[in-house]
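Chemist: Quick one, structure for this:
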Amino acid sequence: MGEISKISGDHGEDVVSKFFKEVIGHDNMESNIKVDCIYETKHIVGDAEKRVSHGIDALVSGVNSLKDNNLEVGIVSVKHTIDKYPTLKTFEAKFSSYFRELVYTINCFKKSPKAIAINKSPLAEGSKSTDYVGIIFWISNKDKNDTEWNIKDKIKKSLLNVDNEVYDKILIVDNDTLEFLYENILQVKKDYDIVDFFYPQTGFNQSSKTSSFGKKMPLIYLNSNIIPLRIEHQNEIFLYFLIKDEFSRDSYISLINLAKNINQIQATQKTVISFPNYNKLEHGSIIEEINNLNIIDRQFLGQVKVIKHKIDFRNNE
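Modeler: Residues are numbered from 1 along each chain as shown. Model (predicted):
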């Protein structure tokens with residue numbers, strides 16, 4: 001049983017490693033890091049008299065492109081199961097345990113020599129703050145038909161509270177999220193010459209030093225239903241929205257307005273919006289109706305193209 005658990009764990013870590021390095025551009029990822037426990041009695045697990053250390057499955061760090069003068073450090077916990085996600089009662093117990101342990105690990109990591117070294121490294125030059133982002137990858141080896149892949153709906157607010165512990169943010173990545181990002185970003189990278197993640201301007205990244213695009217995906221995108229990309233292909237530069245949610249009238253209008261408001265990448269040739277379920281026959285009339293409402297100027301609408309993530313005969317180009 002222990003051997004099977006180890007094989008499953010190793011496989012999960014391999015998947016996450018490839019995801020960070022090849023899919024979302026965090027090629028400086030480090031694996032299997034141990035940090036001393038600062039709160040030896042507060043962080044006790046089980047019958048031990050004191051806590052000695054915490055293990056970090058993966059660690060990523062880099063300049064935060066969505067926040068000026070900020071360093072982003074991701075502390076990653078990988079949980080992989082060969083079986084389905086557990087039923088609700090067992091799920092809550094397991095998730096609560098995973099979540100609590102990651103919070104403990106983050107708070108001890110902040111005071112570790114490793115954290116100090118990162119904050120003093122050339123990577124952190126010019127940074128005035130550091131965001132520590134916890135990430136739980138809980139992955140099931142079962143196919144989509146075997147269970148509900150989206151576990152986020154099962155997570156109650158009560159499970160996110162850890163007594164007397166403070167943390168910045170923790171992101172949850174399940175099969176549903178990982179499939180969306182892993183398969184579709186890799187496919188886009190195969191289809192086009194140069195693919196970058198786009199960093200829209202916000203109230204936090206107004207500095208002229210901040211590039212509007214790059215190879216590294218901001219960690220917060222892990223929980224986003226819209227992945228904005230900048231594409232260079234066959235002498236064209238264009239904006240590409242990879243959408244997790246299914247096509248709807250309201251989502252199309254919102255995305256058109258969002259695309260129109262994004263202008264700093266000079267993506268004037270084309271804007272592509274990719275949905276998982278787009279069907280030209282079913283949805284084309286909805287798009288035509290909206291385009292005829294004169295909500296957005298005609299010149300811009302002429303540059304917009306709606307597609308399906310994976311092309312098929314229903315949406316032949």
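Chemist: and the residue positioned nearest the centre of the chain, what are its phi and psi?
Modeler: In the chain, the centroid-proximal residue (Cα atoms, centre = their mean) is residue 222; its distance is 1.3 Å. The phi/psi pair for residue 222 (degrees, to the nearest 10) reads phi -60, psi -30.
Chemist: and what of the one 5 residues further on?
Modeler: Dihedral pair for residue 227: phi -110, psi 110, per degrees, to the nearest 10.
Chemist: Please identify the buried residues of the helix or strand containing residue 106?
Modeler: Assigned by DSSP states H and E, residue 106 falls within helix 88-109. Residues of helix 88-109 classed as buried by neighbour count (16 or more other Cβ atoms under 10 Å): 91-92, 95-96, 98-109. (Glycine included, C-beta is placed from N, CA and C.)
Chemist: which one in the chain is furthest away from the centre?
Modeler: Largest centroid distance in the chain under Cα atoms, centre = their mean is residue 49 at 37.3 Å.
Chemist: Look up phi and psi at that one.
Modeler: According to degrees, to the nearest 10, residue 49 has phi -80, psi -30.
Chemist: do the same with residue 304
Modeler: Dihedral angles of residue 304 (phi, psi; degrees, to the nearest 10) stand at phi -90, psi 130.
Chemist: Can you tell me how far the residue nearest to it when sequence neighbours are not counted is from residue 66?
Modeler: Nearest residue to residue 304, sequence neighbours excluded (Cβ to Cβ, 6 or more residues apart in numbering): residue 271, at 4.9 Å. In this view, residue 271 and residue 66 are 21 Å apart by Cβ to Cβ, to the nearest Å.
Chemist: who has more neighbours, these two?
Modeler: residue 271 (22 against 18; other Cβ atoms under 10 Å).
Chemist: residues contacting that one?
Modeler: The neighbours of residue 271, taking Cβ atoms under 8 Å, 6 or more residues apart in numbering as the test, are 238-241, 259, 300, 303-305.
Chemist: Just confirm it is within a strand.
Modeler: Yes: remark: residue 271 belongs to a strand, assigned using DSSP: H, G, I helix; E, B strand; the rest coil.
Chemist: ok, residue 13 to residue 174 distance?
Modeler: Where residue 174 is concerned, residue 13 sits at a distance of 16 Å (Cβ to Cβ).
Chemist: Oh, that last question was meant for residue 234, not what I typed.
Modeler: 36 Å.
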